[in-house]
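>>> Sequence and computational prediction follow.
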Amino acid sequence: MALTEIDSQLLKQCLSHAPRAWQDFVDRFIGLFVHVIQHTAHARSIRLTNDDVDDLCSEIFCAILADDFAILRRFRGKSSLATYLTVVARRITVRELIKRRKAEAMGHVNAHQAAVDSAAASPNTEEIEELTHLISQLPDREADVIRKYHVEGKTYQQIGRELGIEENSVGPMLTRARAALRRLRWVASA
């Protein structure tokens, strides 16, 4: 879907700091961000409170505001603004959820809850060995992207820089690698 005229105008107004532009932006996209946060947490089997959702929304909005709307300035209009912001929101949400998991693991929150969450989320040794074996069957570049994103928790920008590829190529590469892993897993179980 192409960039709509409404979103194009809203983007221009935000970037030029027009009065009420930011409020209009927030009103237009807050529902999308809440949906992305809830979907991302659900996909990772993480329970969020309303306060957690509010905090994550704040993180997304702060990231968009950072460096004079740098995230919005990087938008090239090759997709709808909503699609672009969905990807941005998901990346920020994943990064923040990983940070929270690490904080829990370091004992910065309720130790009992962290133990329950990590026990429920940690794969067993056999699953880790199977995943390692499957990743080893991927082409080197795709295996590197999977490891850097899912194991090391790196951002698309960091991965692109380390592998010498465009940041916009990382997402599609991850999608292809995940699909290949699913196919390999299906073949192995058949």
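In hand now; what should we look at?

>>> For the chain, which segments count as helices?
5-15, 21-43, 50-73, 81-105, 111-121, 125-136, 140-146, 156-163, 167-189 (DSSP state H).

>>> ok, of those helices, where does mean pLDDT dip lowest?
Lowest mean pLDDT within the helices of the chain: helix 111-121, a mean of 46.

>>> now the helices of the chain in TSV, with mean neighbour count?
Placement of C-beta: from N, CA and C, glycine included. As requested, the helices of the chain are arranged in TSV below (neighbours: other CB atoms under 10 Å):
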stretch	mean neighbour count
helix 5-15	15
helix 21-43	16
helix 50-73	15
helix 81-105	18
helix 111-121	12
helix 125-136	12
helix 140-146	17
helix 156-163	16
helix 167-189	14
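
>>> what's the domain layout of the chain?
Under the assignment automatic domain parsing, the domains of the chain span 5-120, 123-189.

>>> Next up, the contacts around the closest residue to Ser136 other than its chain neighbours.
Excluding its sequence neighbours, the residue lying closest to Ser136 (CB to CB, 6 or more residues apart in numbering) is Ala143, at 6.9 Å. Residues in contact with Ala143, defined by CB atoms under 8 Å, 6 or more residues apart in numbering, are 135-136, 177.

>>> Then Glu59?
92-93, 96.

>>> Tell me the one of those nearest Ala43?
Nearest to Ala43 out of these is Thr93 (CB to CB; 10.2 Å).

>>> So that closest one versus Thr83, what's the distance?
Counting by CB to CB, to the nearest Å, the gap from Thr93 to Thr83 is 16 Å.

>>> can you check Gln13 too?
20 Å.

>>> Could you do Arg74 as well?
Arg74 is 14 Å from Thr83, by CB to CB.

>>> And Glu166, by the same measure?
Note on Glu166: its distance to Thr83, by CB to CB, is 17 Å.

>>> Equivalent analysis for Arg76, please.
When Arg76 is compared with Thr83 (using CB to CB), they lie 12 Å apart.

>>> tell me the contacts of the most centrally placed residue in the chain?
Residue closest to the average C-alpha location in the chain (CA atoms, centre = their mean): Arg91, at 2.2 Å. By CB under 8 Å, 6+ apart, the contact set of Arg91 is 155-156.

>>> do the same with Ile135
143, 146-147, 181.

>>> any idea which of those residues is closest to Pro19?
Pro19 lies nearest to Ile146 out of the contacts of Ile135, by CB to CB, at 45.4 Å.
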